[in-house]
Each structure stands twice: as C-alpha cells, then as structure tokens.
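>>> sequence? don't have it. structure:
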C-alpha cells in the first residue's frame, strides 16, 4: 500500500532523529487553527505516542466545530486548560511548532497573563529545544531544527513524510488527519498548489480507509445556522474596485449571530468565484479595535508581499496580517500598499 516518498518530501535526517530520540513533546500550532494545522498535529502526536513518547497538543484557541470529527481532536488543550491540568512546561524537553514558524503565531505575543504562556516564553529564552515543520513562504530563523517547504501544498504532507521516515505504521486515524490537512490547504484540490504529488499522497491515504466524501462534508458543508447568517452578513459588506474585492466582519456581527472568529474560515475565498476578481480581502475587526486581515489572490499575484508590509506573511496566493487600525483605515492602508507594489 505504501510507496516511496517523493524527493521533495524527504525530511531532514536531523529532524527525524530528534523526533525518534526525544521523549517529551509539546506540539503547538498557530492561533485560530485550520484543518492543516489540526490534522498535522494530531497525526504527529499519534505517531509519537505509538513510539511510547509523551505528547501534549497546545493551541491558544479551541478547535473549530467543523473539525470536531477528526480522531483525537479532544487531545488538544488551550493554554488555560494546560494550566488547570497541573502540567508544567518544564516537564517537556521539546517544542514542535507545526504549520507556523514563529512563536508569536502560537499565541506567545498575547497581552493576556496566562501562566503556561509565560512559562513557555521563559523556557524558550532558556534554550528549550525546538523543531519547526511548516510550509509558509515567509519565515525567520527560529528553531533548532527547521523543515520549511513553501513549495509543499500542506504541512500535513511534510508531517506524513516524517512519520513514514520514522517507521511508524500508518493507521486510519493518522491517514484521516493527514487527508483533512491536505484537503483544507488545497481547497479540496482546487488551488494552484494541487500538483501530482498531492494526488499521489491523497490516493495512498484513501487506501488506508479515508472517506473523501465524509471529509468534504465535515470540513466544507457543516455550517451552523449562526455561521450561515454570519456568512450572509459578510457577503452583504462586499465592496469591489476593479479586480479587488473587500469584505468585512465586525464584532457586532459575531454577537448578533453567536459566532466566533473560526466561523469565518474560507469566507475570504468566496468573492474569488467571480471571474474578474483577482484579489480578495477579508478584514475582521478585533475587540481591541484593531483588525486581522486575510488575503487571497489568483495566478501570479503575490499577496504575501502585501502581508509582509504589516509584519504578516503566508503564501503567494494566501496570506494574512494584523493591522493596528480600525476597519476603514485598515482597508485604506491595504489598498495603498497594493498600489505601491503595483499589484
């Protein structure tokens, strides 16, 4: 059933060695986790557990409802839950950051005084060993061992390759989590990052018993009534200028629909259904009056260059950032930067 790993998916030997030789892992991913982040973490945790390793999965935010079907999702802990459990960061010798490559992305930049976050900051400052597995094109030098592969469609593919190199038996649960990771970051195989290697890996995962229809239904067709009302409200804010579409979501809209930030996943992409739209932005108002921005583009347009202007990043066709301004000003600033770099 299993085939040889393609040459672009060969993990660094030192990464595999670190995962095999170490025993106590904190596995953390980015705030507001998506299917790639969640599935990749769960698969890696299962693999390490099968080798007798101790793992705790951390995320600043709870798992979004559409991913509660994933096997093992209840193993994730927020930093608050980690505190309440009586665990200590000092009990772990290795931090593995998955689907992100900077500590701020796992929530360490928060102004909230959360003991586990403060403990982790101190541990990292003291030299805690860190492994980074990611596929975003914007990166920095953080981590003792880094495997960052922007040309790979999903971090889940990197994790899958590492698991196979570790000699772990692929279970249906591992396959289901990795398949969901891939489906999420390829838009169910619609995006430009969907190459032959993606289909080869997906086919292999289906051979392990993954249901493609079940995964699609859960990941893409499981809106609650509140989430659908929020979607209608966001579409109602749509503003178009030439080939650029901008939509917004305010804190009031969340309150009126009893929804949260993770309910906006994929909303930014819907304006891209229009033939002439080449760039789409979703500006989400935060409680402190600043904004989180999601950017999408078609073809050669590199929106990561825009995100980088605001200390964000991501991929050429999918990026994000935070802007210290209100919705109207954030929109103005983004459009100005687009013009400056001739997009």
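Yes, it's here. These figures come from a predicted structure and were not determined experimentally.
>>> Break the chain into its domains for me.
7-218, 225-340 (automatic domain parsing).
>>> Take these and lay them out in JSON lines including mean pLDDT and mean neighbour count.
The way it works is simple: take the backbone N, C-alpha and C, and place the C-beta from them, glycine included. Listed next are the domains of the chain as JSON lines, based on pLDDT from 0 to 100; neighbours: other CB atoms under 10 Å:
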{"stretch": "domain 7-218", "mean pLDDT": "95", "mean neighbour count": "19"}
{"stretch": "domain 225-340", "mean pLDDT": "94", "mean neighbour count": "18"}
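>>> Ramachandran coordinates for the closest residue to residue 239 other than its chain neighbours?
Nearest residue to residue 239, sequence neighbours excluded (CB to CB, 6 or more residues apart in numbering): residue 246, at 4.7 Å. Dihedral angles of residue 246 (phi, psi; degrees, to the nearest 10) stand at phi -120, psi 130.
>>> how far away is residue 246 from residue 328?
Residue 246 sits 11 Å away from residue 328, going by CB to CB, to the nearest Å.
>>> Tell me who's in contact with residue 307.
Residue 307 sits next to 138, 293, 295, 313-314, 319-321 when contact means CB atoms under 8 Å, 6 or more residues apart in numbering.
>>> farthest-separated two in those?
138 and 293 (14.3 Å; CB to CB).
>>> and residue 135, what does it touch?
99, 148-155, 157-158, 185, 315.
>>> and those, which of them are in helices?
Within these, residues falling in helices by DSSP state H are 155, 157-158, 185.
>>> With respect to residue 266, which of these is nearest?
residue 185 (11.4 Å).
>>> Quick check: phi and psi at the spatially closest residue to residue 212 that is not a sequence neighbour.
Once flanking residues are discounted, residue 212 sits nearest to residue 206: 6.3 Å by CB to CB, 6+ apart. With angles defined as degrees, to the nearest 10, residue 206 sits at phi -60, psi -30.
>>> Can you tell me how far residue 206 is from residue 162?
For residue 206, the distance to residue 162 - CB to CB - is 20 Å.
>>> Next: residue 285.
Remark: distance between residue 285 and residue 162 (CB to CB) = 38 Å.
>>> what does residue 36 give?
For residue 36, the distance to residue 162 equals 15 Å [CB to CB].
>>> Ok, residue 174 next?
Going from residue 174 to residue 162 by CB to CB gives 12 Å.
>>> Please apply the same query to residue 239.
Per CB to CB, residue 239 is found 43 Å from residue 162.
>>> Also residue 187?
24 Å.
>>> which residues touch the spatially closest residue to residue 120 that is not a sequence neighbour?
Distance criterion CB to CB, 6+ apart; nearest residue to residue 120, sequence neighbours excluded, is residue 89 at 5.1 Å. By CB under 8 Å, 6+ apart, the residues touching residue 89 are 26, 116, 119-120, 122-123.
>>> want to throw those residues into a markdown table with distance to residue 256 and secondary structure?
Below are the contacts of residue 89 laid out as a markdown table (distance: CB to CB, whole Å; DSSP: H, G, I helix; E, B strand; the rest coil):
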| residue | distance to residue 256 | secondary structure |
| --- | --- | --- |
| 26 | 37 | strand |
| 116 | 33 | helix |
| 119 | 37 | helix |
| 120 | 36 | helix |
| 122 | 41 | helix |
| 123 | 41 | helix |
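>>> that older thread, tell me how far the residue nearest to residue 120 lies from residue 79.
Residue 89 sits at a distance of 10 Å from residue 79 (criterion: CB to CB).
>>> rewinding a little: max pairwise distance over the ones in helices among the contacts of residue 135: which two?
158 and 185 (11.3 Å).
>>> Mind telling me what element residue 25 is part of?
Element membership for residue 25 (DSSP states H and E) is strand 24-29.
>>> Direction included, what does that strand pair against?
strand 54-58 (parallel), strand 94-98 (parallel) (DSSP bridges).
>>> packing partners for the helix or strand encompassing residue 203?
Per DSSP H and E: residue 203 is located in helix 196-207. Packed against helix 196-207 by the contact rule (3 or more CB pairs under 8 Å, 6 or more residues apart in numbering; DSSP states H and E) you find helix 155-165, helix 172-185.
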